[in-house]
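Peer 1: Need a 3D model of the sequence below.
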Amino acid sequence: MINFENVSCRILKGISLNIPKGETVGLIGKSGAGKTTLIKLACGLLAPEMGRVFTLGTDPVKNRDLYRERISVFIAGTPLLCRDDSVLQGFEIIRSLYGISKSEFAKRYEALSARLSFSKYDSELVKNLSLGERMRAEIGAALIYEPKLLILDEPNIGLDENAKSVLGQLLTERREAGMTTFLSSHDMASVSKICSRIAMLDKGELVFYGSMENLRSRYTPIDTMTLKTGGKIPDLEDLPLKKYSVRDNAILLSYNSNHITAAEILRTVTGQTDLSEVSIKKPDLEDVISQLRGS
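Peer 2: Next up is the predicted model:
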């Protein structure tokens, strides 16, 4: 769907990246790492200084009209709906532009407006909406013509937790139907829930591309486990643990998941005592970013 071949532009240096059909890829990194530049290259708003970009198999700068009906782009701060139109008028312009039949449009609009909760202000002028209200409508506008490829830059700005959850559900449903999504966000919790792959930029370089599990394994492999026993405290001295502590009948331990698995730890423990409760916590994306900032 999107292919970068040794691309350099502004801060970006030698980016090679392939996003295949049906994936939801989250682009993360510190502020100034080049995320928005990469997003703009993918949708043809910028041309590479070196290298080549292909979106849907073609040059997104030279051949934008060829894929216009197959791609949808949302970039924070760049409105999809005219400020002086009502929400419904803005959607009607999109309907006309993309040739959606009135009956099909009505069905799609009803479904999106209900789930994103903008039906109650669809007669309001866009310029009179709050940031959160406008963002709900803008996201609906990005999805209304059911693109094959969706590119989003900071789609969670201004959204409350409910709207973030709905957006995640919509993107998951669309992925299962075959849509590809490339999104940039500082909202690590949402990215980890929504995305099947993570691309990480650092100072203009692509330092990681792969699954969340592989990202944790590379940067923050330390997991924590809490065990509550129903009997004696087991002997853990022979296990390669980072540390462990015992309080009453509870054991708190941390371990490098690249060196020992949770299953191996539990086999050792259950061979010595009974367990009444087990909980395991893996690092999240915030932990990964914190680790990088400290490195």
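Peer 1: C-alpha from now on. contacts and neighbour counts both.
Peer 2: Fine.
Peer 1: quick one: low-confidence parts of the stretch 51-200 of the chain?
Peer 2: Regions of the stretch 51-200 of the chain meeting the criterion pLDDT under 70 cover residues 66-67.
Peer 1: for it, what spans make up the helices?
Peer 2: With DSSP state H, counting those that start in this stretch, the ranges of helices along the stretch 51-200 of the chain come out as 64-67, 87-97, 102-116, 131-143, 161-176, 188-194.
Peer 1: Between those, which one is closest to Ile19.
Peer 2: Nearest of those to Ile19, taken as Cα to Cα: helix 161-176 at 13.1 Å.
Peer 1: buried ones in the closest one?
Peer 2: Ala163, Lys164, Leu167, Gly168, Leu170, Leu171, Thr172, Arg174, Arg175 (16 or more other Cα atoms under 10 Å).
Peer 1: Need the winner for burial among the helices of the stretch 51-200 of the chain.
Peer 2: helix 131-143 (a mean of 22; mean count of other Cα atoms under 10 Å).
Peer 1: before we move on, the earlier item: okay if I get the helices of the stretch 51-200 of the chain as a markdown table plus distance to Glu49?
Peer 2: Shown next, in a markdown table, are the helices of the stretch 51-200 of the chain (distance: least, Cα to Cα, whole Å):
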| stretch | distance to Glu49 |
| --- | --- |
| helix 64-67 | 18 |
| helix 87-97 | 32 |
| helix 102-116 | 39 |
| helix 131-143 | 29 |
| helix 161-176 | 32 |
| helix 188-194 | 29 |
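Peer 1: and Ala250, which of the ones you listed is closest to it?
Peer 2: Closest to Ala250 of the helices of the stretch 51-200 of the chain, according to Cα to Cα: helix 188-194, at 28.7 Å.
Peer 1: Just to check, His186 is in contact with Pro155?
Peer 2: No - assessed by Cα atoms under 8 Å, His186 is found out of contact with Pro155, at 9.7 Å.
Peer 1: Show me which of these two is the more surrounded one.
Peer 2: Pro155 (22 against 19; other Cα atoms under 10 Å).
Peer 1: now the closest residue to the more buried one other than its chain neighbours: how far from Leu152?
Peer 2: Of all residues not flanking Pro155 in the chain, Ala76 sits nearest, at 6.7 Å (Cα to Cα, 6 or more residues apart in numbering). Per Cα to Cα, to the nearest Å, Ala76 is found 8 Å from Leu152.
Peer 1: So between those two, which is more surrounded?
Peer 2: A side-by-side neighbour count of Ala76 and Leu152, using other Cα under 10 Å, places Leu152 first with 22 against 16.
Peer 1: Could you give the bridge partners of that one?
Peer 2: Bridge pairing for Leu152 (DSSP bridges) gives the partners Phe74, Leu183.
Peer 1: do you know how far it is from Gly158?
Peer 2: Shown here: Leu152 relative to Gly158, a distance of 14 Å by Cα to Cα.
Peer 1: can you pull the contacts of the residue nearest to the spatial centre of the chain?
Peer 2: For the chain, the residue sitting closest to the mean C-alpha position, by Cα atoms, centre = their mean, is Val191 at 3.1 Å. If you count contacts by Cα atoms under 8 Å, 6 or more residues apart in numbering, Val191 has them with Gly26, Ser185.
Peer 1: Same question for the one 4 residues further on.
Peer 2: Contacts for Cys195 (Cα under 8 Å, 6+ apart) come out as Glu23, Thr24, Val25, Gly26.
Peer 1: Looking at the residues you listed, which are in strands?
Peer 2: Secondary structure assignment (DSSP state E) places Thr24, Val25, Gly26 from those within strands.
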